[in-house]
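> below is the sequence, then the predicted model.
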Amino acid sequence: MYDRFADVYDRMMSETPYDIWFQRLTAYLECQGKTGGHLCELGCGTGEMTGRFAEAGYEVTGIDLSPDMLALAAEKKTDGQDILYLNQDMTDFSLHKPADVVLCICDSINYLLEEGGLRGLFGCVRAVLPEDGLFVFDMKTEYCFQEILGNEIRLEDEEDYTVIWDNAYDPETKINEYMLTMFMREPGSGQYERWDECHQQRAYSPEKIKELLREAGFELRDCFGEDMEAPPGTKDERIYFTAQPCNRY
């Protein structure tokens, strides 16, 4: 996953509102008294958010399954940023020290297609968070997959690459499949090489997420819609969850 796609990922995501997401997340963390300390981001990708949190003064650990994504993230790291990047599976990871905050954003959790993957992730997060630690993550909603992305074709056509996204959503399995066809121009020539990748994401109901959090020893703190202020509505494309370890765990 994200092997060849990493080469064009940042350019394709150039309109992603990272700054807005960062502002909303830091505002929420500030309200919870988490203005610094050790922050771990799961599914950190090319480091767009890890870099922002490092600039804000956090000690950051970024974890991702893709070596290609992590290589790009490492290239962005600047002097003075306290960032450690680790190539690990977020459903089975460990840290060198406890985390004050664990983030998993940009709908990374939707890539876990089985409840067992969620249980593994939530269990690992519980193991690295102290009692006053905070777990914050987002997920795309079924509304997003079914009404916005499902059965749509997206085209990115640039001078040196073309990417075609062919989306198909299955309401029974709640899985959205992205078939990516990439044509990338070889440096110094007019020839293009074709690459194909398949990505899948699954929609989970908020009720199921709450149930799995409780099983892992978490107490749900807040559940927000896209603005991270109001409860989620029926047409929100993204939901944010925040949870804290239960004392009884």
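Happy to help now that I have it.
> and the pLDDT at residue 9?
With respect to pLDDT, residue 9 scores 71.
> before we move on, which element is the residue nearest to it when sequence neighbours are not counted in?
With sequence-adjacent residues excluded and distances taken as Cβ to Cβ, 6 or more residues apart in numbering, residue 9 is closest to residue 46, at 6.0 Å. Bear in mind the C-beta positions are built from the backbone N, C-alpha and C, glycine included. For residue 46, there is no host helix or strand (DSSP states H and E).
> thinking residue 46 is in contact with residue 68, fair?
No: counting by Cβ atoms under 8 Å, residue 46 stays clear of residue 68, with 9.1 Å between them.
> which of these two has more residues huddled nearby?
Taking neighbours as other Cβ atoms under 10 Å, residue 46 and residue 68 compare with residue 46 leading, 24 against 17.
> which pLDDT value goes with the more buried one?
Looking at residue 46, its pLDDT reads 91.
> how far away is it from residue 118?
Separation of residue 46 from residue 118 (Cβ to Cβ, to the nearest Å): 24 Å.
> so which residues of the chain form strands?
For the chain, strands defined by DSSP state E occupy the ranges 38-42, 59-64, 83-87, 101-104, 134-140, 153-157, 161-170, 175-185, 192-202, 218-224, 238-245.
> so which of those is nearest residue 110?
When the strands of the chain are compared by Cβ to Cβ, strand 192-202 sits nearest residue 110, at 3.8 Å.
> I'd like the average pLDDT over that closest one.
pLDDT averaged over strand 192-202 gives 88.
> and for stretch 129-146?
96.
> any idea how far that stretch is from the middle of the chain?
Stretch 129-146 sits 9 Å away from the centroid of its parent chain (Cα atoms, centre = their mean, to the nearest Å).
> stretch 125-144 too?
11 Å.
> end-to-end on it?
Using Cα to Cα, to the nearest Å, the end-to-end distance of stretch 125-144 comes to 26 Å.
> what does stretch 139-149 give?
Termini of stretch 139-149 sit 14 Å apart (Cα to Cα).
> just stretch 56-65 next, same as before
25 Å.
> contact partners of that stretch?
1, 26, 35-45, 47, 50, 53-54, 70, 73, 81-90, 93, 95-96, 99, 101 (Cβ atoms under 8 Å, 6 or more residues apart in numbering).
> try it again at 7 Å.
With contacts defined as Cβ atoms under 7 Å, 6 or more residues apart in numbering, stretch 56-65 is touched by 1, 26, 36-45, 47, 50, 53-54, 70, 73, 82-90, 93, 95.
> and if you look at stretch 95-115?
Contact with stretch 95-115 is made by 21, 29, 34, 37-43, 45, 49, 61, 90-91, 118, 121, 125, 128-130, 133-140, 175, 200-202, 212, 238, as judged by Cβ under 7 Å, 6+ apart.
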